[in-house]
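Fold the following and give me the result.
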Amino acid sequence: MESAMSLRIENPVAKVFGFWEYQQPAPPKKIEPIKIDDGNRKAKTAAERYFVERFPMEIIFMILFLLDFPSLEELRLVNTTFKGLVESIAEYRFLREYAYEAVLMMCRTHISSYYTIKDIYNELRYPLCRTCPEFGPFLHLPTLRRCCYKCNAEDPSYRLARLCDLRVYFHLKDFRDIPLINCMLQPGTYIASVSRSMEIVGKLYGPDKAQQIMEANELQGEGSDEGGNHFWMEDLRNDGGQPSNRSRIPWGELGTPWMQFRATAPFPYYDHTKGPVEHGTYCRTCCGDFGRELEHTRDIGNARKWEYYRAFRETELSLHWLECHAEDASEDSSSQELA
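Below you'll find the predicted structure:
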């Protein structure tokens, strides 16, 4: 929905996160599924007959539902029998149609194999940010958690760091249990979740030791934030696999949220039992001068600026307008001009 008071953002990665070089992918062709049941399924080879004819369809769909997206895409290419089986999964079709941008980003960043179709679909049907009660129009890829703009940039659970930095700060050598992100906008640079790394440290050395390591690094990293706006970009350009030479840790409180944004995808809310898909709608008055073209701000300490990037569900907008402070300020300004 878009009106004189509301605004829809067509390319959030570029216009909200500020990655202007990003090009939004075209939606895939809609799938018209072939209904497959115990009465019309056919198998051509012995292997197909063993799998397709041996098990009830309910069991087959349960197995497919627990596969990751790349595995299902490869299964579709085997032959028409498996293609029909995959495309008859309603959850697969919903993700492919409504969350194609997030799924494509997961594939391009090499993280899609960490999560099943069930995992992604469950998150698609949950509307709220996982760390606050606001609507969450984005998906934090390393943790597969729905989030809002503010929490993604501020909450410690979404912090990311380069792989070589995590090795140094947490003394980790094995990252098999941590989803690694290959930066789509900076191919070849791998980043991972700081909180997931702490979990691994806790399992290896105990939770107390993990907290001590974290606090020691935080203390060592305290100091000047001069040049902090350029900090993340320099970090990403360092592709030699060596930790950055700096006086503060790469996920410091005073840093910018660009690292998180490079691993975050637009993620609509969809539940076929409750209504149409919702991508998030912005209050045009809160956006102010950004109403036509949002620009990224690095002033992460200014709470007022977060209102520029707060997305709502359509049913929430009417309640927001009743208490919109930006609307009140706009009316006061207009009254003063008339006076």
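
Sketch out the helices for the stretch 101-250 of the chain, chain order is fine.
Using DSSP state H, counting those that start in this stretch, the helices assigned to the stretch 101-250 of the chain run over residues 117-124, 149-154, 163-170, 194-205, 207-221, 231-237.

Tell me which of those sits nearest to residue 277.
Among those, helix 117-124 comes nearest to residue 277, with 9.2 Å by CB to CB. Any C-beta I mention is one placed from the backbone N, CA and C, and that applies to glycine too.

Mind listing what's buried along the helix or strand residue 84 falls within?
Assigned by DSSP states H and E, residue 84 belongs to helix 80-87. Using 16 or more other CB atoms under 10 Å as the test for burial, helix 80-87 gives 81-82, 84-87.

Just put those in TSV and tack on distance to residue 160 and pLDDT.
Putting the buried residues of helix 80-87 into TSV (distance: CB to CB, whole Å; pLDDT from 0 to 100) gives the following:
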residue	distance to residue 160	pLDDT
81	41	80
82	36	83
84	39	85
85	37	86
86	32	90
87	35	89
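
Quick one: find the helix or strand in this protein with the lowest mean pLDDT.
Ranking every helix and strand in the chain by mean pLDDT, DSSP states H and E puts helix 231-237 at the bottom, with a mean of 39.

Skip ahead from that one and say which helix or strand is next.
Heading C-terminal from helix 231-237, the first helix or strand you meet, by DSSP H and E, is helix 258-261.

Mean confidence (pLDDT) on that next one, please.
For helix 258-261, mean pLDDT is 80.

now for the helix or strand that it is followed by, which elements pack on it?
Heading C-terminal from helix 258-261, the first helix or strand you meet, by DSSP H and E, is strand 264-266. Applying 3 or more CB pairs under 8 Å, 6 or more residues apart in numbering; DSSP states H and E, one finds that strand 264-266 contacts helix 12-15, helix 100-108, strand 138-140.

closest one to residue 215 among the ones you listed?
Residue 215 lies closest to strand 138-140 among these, at 24.2 Å (CB to CB).

How about residues contacting the closest one?
12, 102, 123, 145-149, 152, 158, 260, 263-267 (CB atoms under 8 Å, 6 or more residues apart in numbering).

Give me the sheet partners of it and which way each runs.
Sheet pairing for strand 138-140, assigned by DSSP bridges, gives strand 145-147 (antiparallel), strand 264-266 (antiparallel).

Counting neighbours, which bits of that strand end up buried?
Buried residues in strand 138-140, counted by 16+ other CB under 10 Å: 138-140.

Residue 108: which of the contacts of strand 138-140 is nearest?
Using CB to CB, residue 265 is the member of these that lies nearest residue 108, at 10.0 Å.

surely that closest one meets residue 108?
No - using CB atoms under 8 Å, residue 265 makes no contact with residue 108, being 10.0 Å away.

Which one of those two is surrounded by more residues?
Legend: neighbour count by other CB atoms under 10 Å for residue 265 and residue 108, higher for residue 265 (19 against 15).

In this structure, where is pLDDT below threshold?
The chain contains residues with pLDDT under 70 at 1-4, 33-52, 185, 214, 216-257, 288-308, 325-339.

can I get the strands paired with strand 138-140 in a markdown table with distance to residue 26?
Below are the strands paired with strand 138-140 laid out as a markdown table (distance: least, CB to CB, whole Å):
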| stretch | distance to residue 26 |
| --- | --- |
| strand 145-147 | 24 |
| strand 264-266 | 14 |
